[in-house]
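[1] Have a look; sequence and predicted model below, questions after that.
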Amino acid sequence: MRKKNGTSSDRDTKSGQYSVTSFFRDEIARIVLVGSLIIILAFAGIAVWKGADTMSLFNILLPVLASWVGTVLAFYFGRQNFESANQQVRQLVSRIMPEQVSEQPVSSIMRGKDNLTAFKIDKTHTIQGTKLSDLLTIFEDKKISRLPIIDCDEKPQYMIHQSAIQAYINKYSKDDSLETFLENERNKKIEYGLDKGFVLVSEQTTIADAKEKMEKTPPCQDILVTKGGTPNELLTGWISNVRLAKSLEA
């Protein structure tokens, strides 16, 4: 967190420096333009008043002053043209990039197995012996809102949301088991398993296809990934709807 905050401060500082630099650069440009104009008019007036000798000096200084003015104008008009072209490029990239990203495999954006928190159902933590309070502790300690449930072979089983657990606890008891919770939800026609709480895809499935599959499975908000896209393989990755949306942002 400190690193992120520090980076943000650095950006703010650089932005402030840029603003100050731009201000002085604009002031210098105004001085050069206005000053050159005043000098040109002054020498023109003196040349008319004093005669030919002064006109020679005027002819010498005029190209120099014209070069100053031309340089300033070229810089500013050139910068405006560059910024305009750069803006057009950014707009073009913003239209192209989401399409390019959507054709990439889900493995390019998924949260890998080693970088996610999952709850394993095994001999130590059975579905009957796991209390909802145990899951709630994981949610709070890891500061997460969703928790994939895998079996002893690390195959995906359920996708549990903290909000659902909390709503159940508020009505019943945090000492109830995961099995009791799932049964209660099932009676209300709410499922957390395959093609209900999550969809399953292979690592090579395109992001676009995975997104389409999830959207066709309401109210599913999560994509779980196995190597071949079958439920008999171990979980290798996870993409939430939030992560998916961010990956496709322009």
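    In hand now; what should we look at?

[2] Please, where are all the helices along this protein?
    Applying DSSP state H to the chain gives helices spanning 2-50, 52-102, 132-142, 162-171, 178-187, 207-215, 241-247.

[3] average model confidence for the fifth one?
    The average pLDDT for helix 178-187 rounds to 96.

[4] Repeat that for the longest one.
    Helix 52-102 comes out with an average pLDDT of 61.

[5] Could you do stretch 31-46 as well?
    Average pLDDT, stretch 31-46: 70.

[6] go on, stretch 207-221?
    94.

[7] Buried residues, that stretch. List them.
    By 16 or more other Cβ atoms under 10 Å, the buried positions in stretch 207-221 come out as 207-211, 213-214, 217, 220-221. To be clear about C-beta, it is placed using only N, CA and C from the backbone, and glycine gets the same treatment.

[8] quick check, nearest of these to Phe119?
    Gln221 (17.8 Å; Cβ to Cβ).

[9] ok, the closest one - contacts?
    For Gln221, the contacting residues are 214, 240-241, by Cβ atoms under 8 Å, 6 or more residues apart in numbering.

[10] So this structure: which segments form each domain?
    If you go by automatic domain parsing, the domain ranges for the chain are 2-102, 106-247.

[11] Between its first and last residues, what's the separation in the last one?
    The stretch domain 106-247 measures 10 Å between its terminal residues, going by Cα to Cα, to the nearest Å.

[12] right, and Gln243 touches Arg111 too?
    Check again: residue 243 is Arg, not Gln. Yes: with contact defined as Cβ atoms under 8 Å, Arg243 reaches Arg111; the gap is 6.8 Å.

[13] mind listing what the nearest residue to Glu191 once chain neighbours are set aside touches?
    Nearest residue to Glu191 in three dimensions, chain neighbours excluded: Gly197, at 6.1 Å (Cβ to Cβ, 6 or more residues apart in numbering). Taking Cβ under 8 Å, 6+ apart as the criterion, Gly197 is in contact with 158-160, 191, 220, 222.

[14] I'd like to know which of the residues you listed is nearest to Leu37.
    Asp222 (66.6 Å).

[15] I am assuming the closest one contacts Gly237, so please confirm or correct that.
    No: checked against Cβ under 8 Å, the pair Asp222 and Gly237 is beyond contact range at 11.1 Å.

[16] State the number of residues packed around Leu234.
    13 (other Cβ atoms under 10 Å).

[17] again but with Leu135, I slipped
    Leu135 has 21 nearby residues by other Cβ under 10 Å.

[18] For the residue nearest to Glu191, report the pLDDT, please.
    We have a pLDDT of 95 for Gly197.

[19] what's the answer for Gln17, then?
    43.

[20] And for Met1?
    40.

[21] For Gly229, give me its contacts.
    200-203, 205 are the contacts of Gly229 under Cβ under 8 Å, 6+ apart.

[22] Mind doing that once more with 10 Å?
    Gly229 makes contact with 106, 199-205, 210, according to Cβ atoms under 10 Å, 6 or more residues apart in numbering.

[23] before we move on, what about Ser240?
    Applying Cβ under 10 Å, 6+ apart, the residues near Ser240 are 110-111, 116, 145-146, 159, 198, 214, 221-223, 246.

[24] Going through these, which ones are buried?
    110, 116, 146, 159, 198, 214, 221-223.

[25] what's the farthest-apart pair in these?
    Among the buried ones among the contacts of Ser240, Leu116 and Met214 lie farthest apart (Cβ to Cβ), at 17.2 Å.

[26] quick revisit: with distance to Thr126 as new columns, can the contacts of Gly197 be given to me in TSV?
    Below are these laid out as TSV (distance: Cβ to Cβ, whole Å):
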residue	distance to Thr126
Tyr158	14
Met159	19
Ile160	15
Glu191	20
Cys220	26
Asp222	23
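
[27] Could you report the neighbour count for the closest residue to Lys142 other than its chain neighbours?
    Excluding the flanking residues, the one nearest Lys142 by Cβ to Cβ, 6+ apart is Thr117, at 5.0 Å. By other Cβ under 10 Å, 15 other residues sit near Thr117.
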